[in-house]
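Student: no FASTA, just this:
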């Protein structure tokens, strides 16, 4: 069966200069894949391949464009046209390195959410000490989440990991400030109750509370949190990794002697660098939509963007969409439940969209 | 002037085995300091010094003891007796490596909070790329904070940094998911308004929103967040640092050749290790109490525990308590929310600030 991806070739910091070479390599490596290259015809026409076709779009959503601009003004943007390919059944998944807020808003508008899901989430794989990745969600703009949103994230994250890693019941941890169930805010405590109920119903493999360090330990396959906390955890990690890398570089550059040591240690340092290379984990999933969308880092290079394409391809081939929908349908009674708390959610939602 | 510290010698993972040697070194290095060594007489009697005196306490709060046990049952614990020395004016600050929850609860019970402060906070110095430390608070158990609590943390953090680093107006960042003032949860947005009002009143040097990576960049001297987010950021960082350290060790241990490289690179790796050594930053301040209390990591070794003693000493000598009280008193109208919480012009203010 052919897998077709729609690629927003204009998105990201580098645009076609990075996306096109990544697309070519991807096609070489996946003989059963086809690509719809979306963007300005003049920028893409040089790309010739019998399994690729250019879908023209005259506009580009920039990294600085407000969500409103992407939604209401740039009606023929490459991002939007790529998503339309998914909506119209021309492609099984869309990939973009563009502006996250715009991508989420457009995807939500064009594809709509799956029944039972209030808010789509962004799931991001973070490397762990076990050599794999811990999938953390939400890393989108879902601040002020209720316990029902957290349960939805858990169900969607389970579907994602089961599709990408062939693991039927991946384990889920609830990010908290202690392992004991009495810990945390009121929302977190109620979320813990819901997750335990979901585990009893067979909808989830719930491990219990986890703490920040468990993300990198790899204690669970999935870590669930609201978008505020997830964003802080991700960016704090990026900041620390960058600081540690900088210190290491400075120390090895300090004197002629240390520079010699760097040469001698080069193979080790290169192997180390490969292991902590976040590019390997590029490709975040936008979950809860009626179509598959993957977001690449804006700064992705050819290798990293290729990883995002691979992830989208794997998700499409492993029926991620159907898996999410099946799981959501199964967990429906808990997801929508007695939901009194979702009542005040209008304002919160407006805030999340801004 | 003599500075007297009360030391809970029984707390932490190692107790007197670590605390006593650290106390001896501290006394050697500070000829104007005196120590009250609090704990079981039989464990401490071996320590003889003309500027140290044993204050007996028959019980020990363990790392696993519930807060209730520390508060209501172990009435003669070393932790409690150390705090009592501060309350009764026998010492200017107390230092403990014991159970954080118990220390906070006992400190709050025995010392009470400063007027204008609802909840004490824990301020923790995290190393940054500038070679200094970013003071992050709250890292205590203050989940579900209001904007007024966040403002209180900002005021207390400013007092702490000005006392320890001789910087009159240290800069304060509000931890958020983006720099723009429209970002974040409702509480965070209101906190931003309050902090801007405090800056206008001259109570704070407010830089604006910061993101997770700014903690390690050292963008601001102080980063303010609720205890949930702070705890996640701290533990995520600990997890990542430990993973990266583990990877580096593994790569250098892989083959005889890489082990040789490790020997050659040893001085560089040692210098690197010193730079990321969290022990240098040991000693978190419990702020907002009518007395100075410093918390050491439970796993602290002699060097790290000594750093906590140094910090308590510096805070006492630099009148941290008076500084906190002065600042709190000055910021009172904002702290208690008497000010028309930027009532007139949410939008006007947003426009002015942008």
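Tutor: Yep, that arrived. Keep in mind that this is a model prediction, so the values were computed, not measured.

Student: Contacts only, for residue A:178.
Tutor: Listed by C-beta atoms under 8 Å, 6 or more residues apart in numbering or on different chains, the contact set of residue A:178 reads A:184, A:209, A:211. The C-beta positions use only the backbone N, C-alpha and C, and glycine is treated the same way.

Student: repeat that for 7 Å
Tutor: By C-beta atoms under 7 Å, 6 or more residues apart in numbering or on different chains, the residues touching residue A:178 are A:209, A:211.

Student: again with residue A:60
Tutor: A:10, A:77-78.

Student: can you give me the helices in the stretch 1-150 of chain A?
Tutor: Taking DSSP state H, counting those that start in this stretch as the criterion, the stretch 1-150 of chain A carries its helices at A:16-29, A:41-44, A:67-68, A:78-87, A:100-111, A:147-165.

Student: Now tell me what touches the fifth one from outside.
Tutor: When you say that, I think you mean helix A:100-111. By C-beta under 7 Å, 6+ apart, helix A:100-111 touches A:61, A:65, A:67, A:70-71, A:79-80, A:83-84, A:86-87, A:96, A:120, A:140-141, A:286, A:289-291, A:293, A:295, A:353.

Student: cool, the first one as well?
Tutor: The contact list for helix A:16-29 (C-beta under 7 Å, 6+ apart) reads A:7, A:9-10, A:12, A:33, A:35, A:37, A:39, A:43-44, A:47, A:49, A:51-52, A:300-302, A:305-306, A:309.

Student: Apply 6 Å and report the result again.
Tutor: A:7, A:9, A:35, A:43, A:47, A:49, A:51, A:301-302, A:305-306, A:309 (C-beta atoms under 6 Å, 6 or more residues apart in numbering or on different chains).

Student: May I see the ChimeraX selection of the buried members of those?
Tutor: Burial among the contacts of helix A:16-29 is assessed by 16 or more other C-beta atoms under 10 Å in any protein chain shown; the matching ChimeraX selection reads:
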select /A:7,9,35,43,47,301,302,305,306,309
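
Student: Most widely separated two among the contacts of helix A:16-29?
Tutor: Largest separation among the contacts of helix A:16-29 by C-beta to C-beta: A:51 and A:301, giving 23.0 Å.

Student: what comes up buried for stretch A:308-328?
Tutor: Across stretch A:308-328, burial judged by 16+ other C-beta under 10 Å covers A:308-318, A:320-321, A:323-325, A:327-328.

Student: What about the residues you listed, which are in helices?
Tutor: A:308-317, A:320-321, A:323-325, A:327-328 (DSSP state H).

Student: picking up where we left off before, from the contacts of residue A:60, which single one is nearest residue A:190?
Tutor: Within these, the smallest distance to residue A:190 is 39.7 Å, found for residue A:77 (C-beta to C-beta).

Student: what is that closest one paired to in the beta sheet?
Tutor: Residue A:77 has the following beta-bridge partners by DSSP bridges: residue A:59.

Student: Which stretches in the stretch 151-300 of chain A count as helices?
Tutor: Using DSSP H, counting those that start in this stretch, the helices of the stretch 151-300 of chain A run over A:186-200, A:212-217, A:227-252, A:256-264, A:266-275.

Student: what does stretch A:325-339 rub up against?
Tutor: Applying C-beta under 6 Å, 6+ apart, the external contacts of stretch A:325-339 come out as A:114, A:116, A:148, A:152, A:155, A:159, A:197-198, A:203.

Student: hang on, the earlier thing: any chance of the helices of the stretch 151-300 of chain A in JSON lines, plus mean pLDDT, mean neighbour count and distance to residue B:236?
Tutor: Below are those laid out as JSON lines (pLDDT from 0 to 100; neighbours: other C-beta atoms under 10 Å in any protein chain shown; distance: least, C-beta to C-beta, whole Å):
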{"stretch": "helix A:186-200", "mean pLDDT": "93", "mean neighbour count": "19", "distance to residue B:236": "16"}
{"stretch": "helix A:212-217", "mean pLDDT": "94", "mean neighbour count": "24", "distance to residue B:236": "4"}
{"stretch": "helix A:227-252", "mean pLDDT": "89", "mean neighbour count": "22", "distance to residue B:236": "5"}
{"stretch": "helix A:256-264", "mean pLDDT": "86", "mean neighbour count": "14", "distance to residue B:236": "29"}
{"stretch": "helix A:266-275", "mean pLDDT": "84", "mean neighbour count": "16", "distance to residue B:236": "18"}
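
Student: if you look at the contacts of helix A:16-29, which of them are in strands?
Tutor: A:7, A:35 (DSSP state E).

Student: Which one of the contacts of helix A:16-29 is nearest to chain B?
Tutor: For the contacts of helix A:16-29, the residue nearest chain B by C-beta to the nearest C-beta is residue A:301; the value is 19.8 Å.
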